[in-house]
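> Quick one, structure for this:
(2 chains)
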Protein chains: 2
Amino acid sequence: MQVNDVVAYIQADRDRFVADLKEWLAIPSISGDPAHAEDVRTSAGWLAEYLRGQGFPTVEVWETPGLPAVYAEWPAEDPQAPTVVVYGHHDVQPVEPLEEWETDPFKPVEKGDRLIGRGASDDKGQVFFHTLGIRAALAASGRQSPPVTVKLLVEGEEESGSVHFAELLRTHRDRLACDAVVISDTTMWSADVPSMCTGMRGLADAEVTLRGPDGDLHSGSFGGAVPNPLHAMASLLAALHDADGRVAVPGFYDDVVPLSDEERELFARLPFDEAEWLRTAGNSRAAHGEKGYTTLERVWARPTAEINGMWGGHTGPGGKTIVPREAHAKISFRLAAGQDPRRVQDQFRAWVAEQAPPGVEAEVRVSGGGVRPCFSPIDSPGVKAARRAMERAFGTEVLFTREGGSGPEADLADILEAPLIFVAVGLDGDRIHAPNEKVEIPLLLKGAETAAYLWEELAAALR
Amino acid sequence: MQVNDVVAYIQADRDRFVADLKEWLAIPSISGDPAHAEDVRTSAGWLAEYLRGQGFPTVEVWETPGLPAVYAEWPAEDPQAPTVVVYGHHDVQPVEPLEEWETDPFKPVEKGDRLIGRGASDDKGQVFFHTLGIRAALAASGRQSPPVTVKLLVEGEEESGSVHFAELLRTHRDRLACDAVVISDTTMWSADVPSMCTGMRGLADAEVTLRGPDGDLHSGSFGGAVPNPLHAMASLLAALHDADGRVAVPGFYDDVVPLSDEERELFARLPFDEAEWLRTAGNSRAAHGEKGYTTLERVWARPTAEINGMWGGHTGPGGKTIVPREAHAKISFRLAAGQDPRRVQDQFRAWVAEQAPPGVEAEVRVSGGGVRPCFSPIDSPGVKAARRAMERAFGTEVLFTREGGSGPEADLADILEAPLIFVAVGLDGDRIHAPNEKVEIPLLLKGAETAAYLWEELAAALR
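Model prediction:
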C-alpha cells in the first residue's frame, strides 16, 4: 500500500464524506432530552444503514433499556489476526442556549475548512472518519477485508451518562472480545501539535457528615465549651492535604502508577502557556497543587482530593449565633492510573474515623463504586502502533497527553479486558457541549488517514 | 431598720403583691408581634399608674419609634446621695406553641408556691419585686424616700431586639445620670444556691468570602492544579484555633481582663454537674474548649470564635465534580470583659488577609459594631454592696456567675457610663421563652427583701 494511494482516495472522497456526515449531523440525537429519544433511534438506524452501505458484513442495532447502540463488524481474512473494538457515540449534547448559535445546530454548514453543527466533533465526526479510513485502506490495498477484525461500537447514551453502557458491554462481552479498544472521542493538543491521549483519571466520591449536639445550640450559652462540627469539618478538610499538597489519607498513593521519565519529558515538550491556561481556568489567579509536578502532570496524571461542596449551620442572610448541630462536605477524588475507587473510599472512610475529634460523630457515605482510571503506557504495543499510524498521517512527531476527567471508557478496559488506545482529532477549541460546535475538516481527513494506516500497524503490533 | 420589719412587711403584703402582679401579667405585652403593640402600650400605662400608686413622685411613659418604656424616679432626701438606675422590661416573649401551655399564658395562676404565666419570671415578676422592696424599706425605716435616688427604667422592646433602646438611653442620658445600674433580668444558680451575675460576654460578627475562579470549574480538567476556595476556607478556619483551643488571631487576648483567682475559686464552689450540663447542651458528647479553663469559665469568662455557618460549591443532592468559585463562612466572637468588638473585627480582618493563600481573594464583612462585653469585678463596691443585701435576704453565702450571652445591658454601661450590678432571682428552670413560664413566689419575695436592703447598702458603698 502506498501512502499516496490512501491520501488520493481520501482527497477524492472528501466531498461525499462531508455530505454524508452532514446528513447524519442533521438528526438531532440528543440523548439527554426524552423528547429526542426517537431522533436517537433514527440516528442509530441511519448509521446502521450507512455502515451496511460501506461494506460491513455485520451491522446490528443493539437495544438497551434506554437508547440503542450500533454494532458493526468487519472480520479480517486471517482468523488469527487480532481484533480491535472501535468506540464512539452517536448521541449529542443539548443545544441550549439556542440563541447563541450562529447557525441552526442541526443544519450543518461548511465555512471554509470548518464544519459547524452539533456533533460535528463530539462525536459523530470522529466516528465517521473511521468509515472513510477503512474504505481508503481497502481501496489502496486492493483487499476485501482489513488486516485486523474491526468491531465498531457506537453508543447512544454517552451524553446522558452512559447509564446502560456497562450492562450492554457485559451482555455482549463475547461478541466484543478483542485485543485492544480504539477510542475516538477525545482531542489532540492542537492542529499543529498532534497528540495521543494515553489515559483518563478515575473518580471516587464521598460525603462526610459530622454531628455534634442534637440541635443547634445558643453560642452564648454553650459557645467555646462544646465541639463545633463546622470547626471539626474545617480541621478535617484542612488535614486532607499535607504541606506539599499531597493527599494525606494513608495508603492513597500506594497503587498509583508513577509517571515515567519519558512521559514527563514528552509532556514537557507540549507548548503549554500557563498564563493562557489560567485564563481558561476561570481566570484563576495562581496555579496550585502537588509539589514536584507541573500543571499538566497534576491534572492528567496525579490523583487529587477536591472538596466539591461544604455546608452547615446558618447560611442565609444575617447572623445567627449558634453552635450548629451538623457539618457536611461532598468530596471527590480524581484517581491516577492504578488506583481503585473502592479502595480509596475505604481508605478515606478509615481516615475520617480516625481524624474526627472527641464529641463529634463522623459518617462517610459514597454514592457508588466510582469510575476506574484507565491508562495505556506510551511504550505499550498498541499505543506505539497507533502513534506510528498517526505520525504517518500527520507527517510529524506525535506527542502524548492524558485526560484529567473520567468516563465510561474505563468500563471498556475493565469489562473487555483490553488496553485502550485513544485516536482522536478533535480540538479543545471545537466548542463541544457549547453553542457553535465545529470540527476542522482537514483534521477529520487526517483522522481518516490515521485510521487507514491503523489496522496494519495494529495487526503487526498485536499479533 | 430591723430585718424583721422588712420581712414582716413583705409577708404581710404577699397576697396583694401577687394579686397586683397577676393583673399586670394578664396584659399580653408581646413586643415581637405587631398585633400586640397596643397591649404593650396598655402594659406601659398599667405600670405607670401602678408606680404612681406606689408613691413614685415622678412617673413618665417614654415613647420610642417603636414601643414605649416606663420611667419612674424617687429622689433621695439627701441631694448628695448616690443615684441608681434599675433596669427591667415589661414586654414578653410570644407564647407559641400555645398547645403546650397547661394554663392560659395570660391568665396567671398560682400552683403552690409557683406563679405560672408569660412574663412571671422574664421580666415582669423581677421588675415587680423592686416595688415591694422599696415599700418594705420605707415602711421599715419610717422614711418617706429611699437612701439613694432610685430611677426605674422598664423597657418595652427587650424581647424584640431592643432596637430603639440605645437611642432611648442617649435621648434621656441626662435624666438617667447615675452611679450604678441594677439589672434585674437574669437568673441565680439555683433556689438553694443564690448567686449574682457579674457580667455578660460581648459579641462581634464577621463573614468571610474566599474567591477563586470566575466560575465553577470542571474538577477533571482543573482539579488538583488551581486553588480550591473550599480547601482554603477549611485551612483558614482550622487555623482559627491553636492546639490549645485558643483563638489564633494575633492580639485577640490583649485586652481580656483575666479571671481573678478569687472569682475562679467561687465559680468552682458552684455545684456544677458536667454530665447534666452536656445533656442541656443538646446531648453534646464531650466538653471541649480552651485549655486550662473549666466549662463554666469557658462559657462565662473566656472569649471564643465560633463558626456559625459555612457554605460553598454544590450543596444539593447528588454529586457535582467541581472546583467551586467561592466559599463562605459566618463567624461570631463572644468577647470577654475588656475586649472591644470593633478591634476584634479589625484583628480578624488583618489575620484573614494574611492567611489567604495565593490565588484566593479574601473579603471580610461585618454587620455592625457588635455588642460590648460588660463586667463588674466581684470586689467592686456596687457588687459587694448588692451581695451583702442578697446575703442578708437569703441568709446564706451568695456565689457568683456570669452570663455567656450578650445583651443590650452593655448599652446601659456604655451610654450611662456606670457599673452594672445584676440582682435577680429567676431560675434557669423558669421556662422563660417557653411554654408554662413560671416564677417561684418565695424567690420573688427574697428578691423584694434584697431590694429592700439594697438601697442602704448602695448608699454606703457608692457615696
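> Check the gap between the residue of the stretch 51-200 of chain A found nearest chain B and residue A:412 for me.
Residue nearest to chain B within the stretch 51-200 of chain A: residue A:200 (8.2 Å; C-beta to the nearest C-beta). The C-beta positions use only the backbone N, C-alpha and C, and glycine is treated the same way. Residue A:200 sits 11 Å away from residue A:412, taking C-beta to C-beta, to the nearest Å as the criterion.
> for residue A:378, same thing?
19 Å.
> now residue A:118
To residue A:412, residue A:118 is 24 Å away according to C-beta to C-beta.
> intersection of neighbour lists for residue A:200 and residue A:412?
In terms of C-beta atoms under 8 Å, 6 or more residues apart in numbering or on different chains, residue A:200 and residue A:412 are both contacted by the residues residue A:374.
> Neighbour count: those two, which is higher?
Remark: of residue A:200 and residue A:412, residue A:200 carries more neighbours, 30 against 25, as counted by other C-beta atoms under 10 Å in any protein chain shown.
> If the more buried one is in a bridge, with which residues?
With DSSP bridges applied, residue A:200 shows beta-bridge pairing to residue A:374, residue A:403.
> can you give me the mean pLDDT across stretch A:260-269?
Average pLDDT, stretch A:260-269: 97.
> hmm, it in reach of chain B?
No - if you take C-beta under 8 Å from any C-beta of the partner chain as the test, stretch A:260-269 misses chain B, and the best it gets is 13.1 Å.
> hang on, residue A:33 packs against residue A:94?
Yes - counting by C-beta atoms under 8 Å, residue A:33 does reach residue A:94; the two are 5.9 Å apart.
> the domain parsing of chain A - what is it?
A:6-200+A:373-462, A:202-256+A:303-366 (the TED database).
> Which parts of the stretch 201-350 of chain A are helices?
Per DSSP state H, counting those that start in this stretch, the stretch 201-350 of chain A carries helices over the ranges A:219-222, A:229-238, A:261-268, A:274-280, A:295-301, A:341-355.
> who touches the fourth one?
Just to be clear, that refers to helix A:274-280. With C-beta under 8 Å, 6+ apart as the test, helix A:274-280 has contacts from A:284-287, A:295, B:226.
> let's see 7 Å
Identification of contacts with helix A:274-280 by C-beta atoms under 7 Å, 6 or more residues apart in numbering or on different chains yields A:284, A:287, A:295.
> Flag every buried residue along that helix.
If you call a residue buried by 16 or more other C-beta atoms under 10 Å in any protein chain shown, then helix A:274-280 has these buried ones: A:277-278.
> I'd like the distance from that helix to the chain centre, please.
Mean C-alpha position of helix A:274-280 versus that of the full chain (C-alpha atoms, centre = their mean, to the nearest Å) differs by 21 Å.
> Report the backbone C-alpha coordinates of it in CSV.
Output of helix A:274-280 as CSV, limited to C-alpha atoms (Å, rounded to 0.1, in the frame of the first residue of the first chain):
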residue,chain,number,x,y,z
GLU,A,274,0.3,28.6,31.8
ALA,A,275,-1.0,32.1,31.8
GLU,A,276,-3.4,31.2,29.0
TRP,A,277,-4.3,28.0,30.8
LEU,A,278,-5.1,30.0,34.0
ARG,A,279,-7.4,32.2,31.9
THR,A,280,-9.3,29.1,30.7
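> Could you pick out the residues of the stretch 251-400 of chain A near chain B for me?
A:281-290, A:295, A:298-299, A:302, A:304, A:306-315, A:319-325, A:330, A:332, A:334, A:358-359, A:367 (C-beta under 7 Å from any C-beta of the partner chain).
> Restricted to strands, list these.
Among these, the subset assigned to strands under DSSP state E consists of A:304, A:306-313, A:322-323, A:330, A:332, A:334.
> what's the spacing between residue A:215 and residue B:38?
Distance, residue A:215 to residue B:38, using C-beta to C-beta: 35 Å.
> before we move on, what about residue A:51?
Residue A:51 sits 84 Å away from residue B:38, going by C-beta to C-beta.
> Between the two, which is the more surrounded one?
A count of neighbours by other C-beta under 10 Å puts residue A:51 above the other of residue A:51 and residue B:38, at 24 against 12.
> Read off the pLDDT value for that one.
For residue A:51, the model assigns a pLDDT of 98.
> what about it, which SS state?
Assigned by DSSP: H, G, I helix; E, B strand; the rest coil, the conformation of residue A:51 is helix.
> so residue A:87 sits in a strand?
Yes - inclusion of residue A:87 in a strand is indicated when three-state DSSP is applied.
> from what I can see it touches residue A:186, true?
No - counting by C-beta atoms under 7 Å, residue A:87 stays clear of residue A:186, with 10.9 Å between them.
> what do the two both touch?
With C-beta under 7 Å, 6+ apart as the test, residue A:87 and residue A:186 reach no residue in common.
> Where do the helices of the stretch 351-463 of chain A begin and end?
Remark: helices assigned in the stretch 351-463 of chain A by DSSP H, counting those that start in this stretch are A:381-394, A:409-416, A:441-462.
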